[in-house]
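Asks: next one to model:
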Amino acid sequence: MILLPFSFPKDKQAQMFYASLVQHCSDTIVVLAQDGKVQYVSPALTTVLGYRTGDWLGQPVLQHLHPEDIGLVKSHLSQLWQAPDTCLTWELRCRHAEGTWMTLECTGKNLLYDPFLQGVVLYWRNINQRKATEETLRSVEARLSWQSQHDPLTGLLNRTAFESVLLKTLHQSLSEPQPHVLCYLDIDQFRIINDACGYRAGDELLCQVASLVQNSLAVTDTFARLNSDSFGILLAQCSLEQARQLMERLRQKIQECRFIWQDKMFVTTVSIGLVEFSPATPNLASLLNAAEAACYVAKERGRNRCHNFQSDDIELVQKRGAVQWLSYLNKALAENRFRLFFQTIRPLGKDAAPIDHYEVLLRLEDNGGQLVSPAVFIGAAERFNLMPNIDRWVIKTLFALIREQLIPQPDPAALSQEEQHCFYAVNLSGASINDDRLIEFLLEEFQTSGVPPAMICFEITETVAISNLGKAAQLIRELKKLGCRFALDDFGSGMSSFGYLKNLPVDYLKIDGNFIRNIINDSIDLAMVRAIQQISQVMQIETIAEFVENQSILEAISDLGVNYAQGYAIAPPAPLPALVTSH
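Replies: Residues are numbered from 1 along each chain as shown. Here you go, the predicted model:
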């Protein structure tokens, strides 16, 4: 039994009750005399701070506190001594017996009037873990804030952040007229690098160009990546003539560099469009359209050049671009020039069923027989509302392939167990989500082809799901009734709450590849993936990691308990017909 060093109830049972209460209290209780010395400390001192209670008795409490906190503690103690029955709460740091600093939440109360205590009572609660969690959350929030404004590949500002800077400069220019120039820089024939060497080479080229440009600009200039191979530069308080001279030097510098990838060497050139802030570009849209149009004209005139915006540039671009893309994509659909590829999704963990799944990818074969990435044409397809037609082409073509190769017999039940459990993941666009006739189309395709719905997993991006939450939830429920599976792609990219997941009964979360690709070297990305994995487990949703590009990443996500992996460490994309035929 603990004997307190001051008066205590003489009733034996009461003594035992209070002593037991103090003995098992996880908070440390410290009683101070008026001279600030410790006249009692509870046994929790040993658990929390590693000292024996006798080490503190008769000692000034301040000698155990962090020097930076002593002033605050003195102030609070002074208030407590002067005001009986006052209660104050604050945080302080106390030295652990091992020499480290522990963060404690301190609640102090003046109980001088109490005949049994006759002192100031301090209740210390260990909040080290809470502070660590808060710090992690702050770091995550800061990282998410940074990611929302920066391009993950180059580290430059992204389009959203760049537009914010442009808008602010536009508003300032209305009240404080100053010369400003917007430059739109696009890498010429960037697709050749991707086609010849793969996307990793393309990414490396983007980073090299970004670094070269960044080092050529002043700290007052604003530089951003706007889309796949285009960059924006804001030259504030700069005349058009000065901007043109700077861009010509920059263009020449890029041309003189050589991009080397493995055994291949490339000459890199850029086309640059320039537009000055003027009454002809009174808002953000007109300014960006003018700069992009000027860049387009530079390309039309032979690439590797700069072009100052002229008033008729936009009309020229709109007429040529719109008709070209609309005609090109419609012709590609009519001539079946889209191609299906796949990338393997492999289960992880020793207890996982050894059955691979596959994401269906789309490519476009151009007039020269070269494959075009969807990053090039999806934007135009969305602009001209062709995505529902393209989505339907993918579904029809995939179902036909499965039907011809996997289901030669009329009874789908005759499929092997592996074939029945394997699924093909098909991406759906936002336009298809909002297409009221999609369900009817899918019902007909399942019935006509005989493809079991369980073999199909539809994917929608997190951004599309949030933007169309009601429609997405309804579509998911109806397709799951048929037996289809559903995945939420790029999860984590939208910085949204996990709360909306309750309304989306998905089977899989595909963790945004921007978190996965840096998981080895970035503790915040690691924390994000761990958090997503833990929440997914609670919600009984399986996880798929994208951009698993090497063995180190694969081992890291396996250790976190991620259920599936997809990326070059598993397998690169390959033509889908070859896969289906091999089955």
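Asks: just the mean pLDDT for the host helix or strand of Ser148, thanks.
Replies: Assigned by DSSP states H and E, Ser148 falls within helix 128-149. Helix 128-149 shows a mean pLDDT of 82.
Asks: tell me the helix or strand right after that helix.
Replies: helix 159-175.
Asks: need the residues that contact that next one.
Replies: Helix 159-175 has contacts (C-beta atoms under 8 Å, 6 or more residues apart in numbering) with 148-150, 157, 178, 180, 182, 222, 224-227, 232, 234, 236, 277, 282-284, 287-288. C-beta: built from backbone N, CA, C; applies to glycine.
Asks: which of those count as buried?
Replies: When burial is judged by neighbour count using 16 or more other C-beta atoms under 10 Å, the buried members of those are 150, 157, 180, 182, 222, 224-226, 232, 234, 236, 277, 287-288.
Asks: just the contacts of helix 159-175: which are in helices?
Replies: Using DSSP state H, the members of the contacts of helix 159-175 that fall in helices are Ser148, Gln149, Leu284, Leu287, Leu288.
Asks: any low-confidence regions in the chain?
Replies: 1-24, 314-323, 406-420, 493-499, 578-583 (pLDDT under 70).
Asks: could you list the domains of it?
Replies: Domain assignment for the chain by automatic domain parsing gives 12-126, 151-311, 324-582.
Asks: can you redo those as CSV with distance to Leu137?
Replies: Converted to CSV, the domains of the chain look like this (distance: least, C-beta to C-beta, whole Å):
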stretch, distance to Leu137
domain 12-126, 15
domain 151-311, 21
domain 324-582, 9
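Asks: related to what we said a few turns ago, pick out the most distant pair among the buried ones among the contacts of helix 159-175.
Replies: Maximum pairwise distance among the buried ones among the contacts of helix 159-175 (C-beta to C-beta): 24.6 Å, between His150 and Phe277.
Asks: please enumerate the strands of the stretch 201-350 of the chain.
Replies: 222-227, 230-235, 258-261, 264-267, 270-276, 306-308, 338-347 (DSSP state E, counting those that start in this stretch).
Asks: so which of these is the most packed in?
Replies: Among the strands of the stretch 201-350 of the chain, strand 270-276 has the highest mean neighbour count (mean count of other C-beta atoms under 10 Å), at a mean of 26.
Asks: give me the contacts around it.
Replies: With contacts defined as C-beta under 8 Å, 6+ apart, strand 270-276 is touched by 179-188, 209, 239-240, 243-244, 247, 250-251, 254-255, 281, 287, 290-299, 303-309.
Asks: go with 7 Å
Replies: 179-188, 240, 243-244, 247, 251, 254, 281, 287, 290-295, 298-299, 303-309 (C-beta atoms under 7 Å, 6 or more residues apart in numbering).
Asks: that one pairs with which strands, parallel or anti?
Replies: Strand 270-276 pairs in its sheet with strand 181-187 (antiparallel), strand 306-308 (parallel), by DSSP bridges.
Asks: reformat these as a markdown table; add distance to Cys25.
Replies: Listed next are the strands paired with strand 270-276 as a markdown table, based on distance: least, C-beta to C-beta, whole Å:
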| stretch | distance to Cys25 |
| --- | --- |
| strand 181-187 | 65 |
| strand 306-308 | 74 |
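Asks: closest one to Asn434 among the ones you listed?
Replies: Per C-beta to C-beta, nearest to Asn434 of the strands paired with strand 270-276: strand 181-187, 31.6 Å.
Asks: show me how far that closest one is from its chain's centre.
Replies: Mean-position distance between strand 181-187 and its chain equals 27 Å (C-alpha atoms, centre = their mean, to the nearest Å).
Asks: okay, the angle between it and helix 159-175?
Replies: Angle, strand 181-187 to helix 159-175, by axes from the mean of the first three to the mean of the last three C-alpha atoms, to 10 degrees: 160 degrees.
Asks: skip ahead from strand 181-187 and say which helix or strand is next.
Replies: Sequence-wise, the next helix or strand downstream of strand 181-187 (DSSP H and E) is helix 190-197.
Asks: show me where the stretch 351-500 of the chain has helices.
Replies: With DSSP state H, counting those that start in this stretch as the criterion, the stretch 351-500 of the chain has helices at 374-383, 387-406, 417-421, 430-433, 438-449, 462-467, 469-482.
Asks: and the last one, what does it pack onto?
Replies: Secondary structure elements in contact with helix 469-482, counted by 3 or more C-beta pairs under 7 Å, 6 or more residues apart in numbering; DSSP states H and E, are helix 430-433, strand 485-491.
Asks: tell me the buried residues in that helix?
Replies: Buried residues in helix 469-482, counted by 16+ other C-beta under 10 Å: Lys471, Ala472, Ala473, Leu475, Ile476, Leu479, Lys480.
Asks: residues in contact with that helix?
Replies: 433-434, 439, 446, 453, 458, 460, 465, 486, 500, 503-506.
Asks: do the same with the longest one
Replies: By C-beta under 7 Å, 6+ apart, the residues outside helix 387-406 that reach it are 333, 338, 340, 360, 362, 381, 415, 419, 424, 426, 428-429, 431-432, 435, 441, 445, 449-451, 455, 576-577, 580-581, 583.
Asks: PyMOL command for the buried members of those?
Replies: Here is the PyMOL command that selects the buried residues among those (16+ other C-beta under 10 Å):
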select buried, resi 333+338+340+360+362+381+415+419+424+426+428+429+431+432+435+441+445+449+451+455+576+577+580
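Asks: quick one, what contacts the nearest residue to Val464 once chain neighbours are set aside?
Replies: Ranked by C-beta to C-beta, 6 or more residues apart in numbering and with sequence neighbours excluded, the top spatial neighbour of Val464 is Gly430, at 4.3 Å. Counting by C-beta under 7 Å, 6+ apart, Gly430 touches Val464, Ser467, Asn468.
Asks: do you know how far Gly430 is from Arg437?
Replies: Using C-beta to C-beta, to the nearest Å, Gly430 is found at 15 Å from Arg437.
Asks: show the backbone phi and psi for Ser429.
Replies: phi -80, psi 170 (degrees, to the nearest 10).
Asks: what's the nearest residue to it if we skip its chain neighbours?
Replies: Distance criterion C-beta to C-beta, 6+ apart; nearest residue to Ser429, sequence neighbours excluded, is Met387 at 3.9 Å.
Asks: gap between the one you found and Thr136?
Replies: Distance, Met387 to Thr136, by C-beta to C-beta: 39 Å.
Asks: more neighbours, those two?
Replies: Met387 (19 against 14; other C-beta atoms under 10 Å).
Asks: how close does that one get to Val394?
Replies: Taking C-beta to C-beta, one finds Met387 at 10 Å from Val394.
Asks: over to Pro60?
Replies: 76 Å.
Asks: again, but for Trp146
Replies: Separation of Trp146 from Val394 (C-beta to C-beta): 35 Å.
Asks: what of Asn514?
Replies: From Asn514 to Val394 the distance is 25 Å (C-beta to C-beta).
Asks: contacting residues for Cys238?
Replies: Cys238 makes contact with Pro179, His180, Val181, according to C-beta under 7 Å, 6+ apart.
Asks: distance check, the first one against Thr269.
Replies: Spelled out, it's Pro179. Per C-beta to C-beta, Pro179 is found 28 Å from Thr269.
Asks: strands of the stretch 451-583 of the chain, start to end?
Replies: 456-461, 485-491, 508-511, 542-545, 564-566, 574-575.
Asks: make a markdown table out of these and add mean neighbour count and distance to Ile532.
Replies: Formatted as a markdown table, the strands of the stretch 451-583 of the chain follow (neighbours: other C-beta atoms under 10 Å; distance: least, C-beta to C-beta, whole Å):
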| stretch | mean neighbour count | distance to Ile532 |
| --- | --- | --- |
| strand 456-461 | 23 | 15 |
| strand 485-491 | 24 | 7 |
| strand 508-511 | 27 | 6 |
| strand 542-545 | 26 | 7 |
| strand 564-566 | 24 | 13 |
| strand 574-575 | 14 | 28 |
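Asks: got those as a markdown table, with distance to Ala201 columns?
Replies: Below are the strands of the stretch 451-583 of the chain laid out as a markdown table (distance: least, C-beta to C-beta, whole Å):
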| stretch | distance to Ala201 |
| --- | --- |
| strand 456-461 | 26 |
| strand 485-491 | 23 |
| strand 508-511 | 25 |
| strand 542-545 | 23 |
| strand 564-566 | 20 |
| strand 574-575 | 18 |
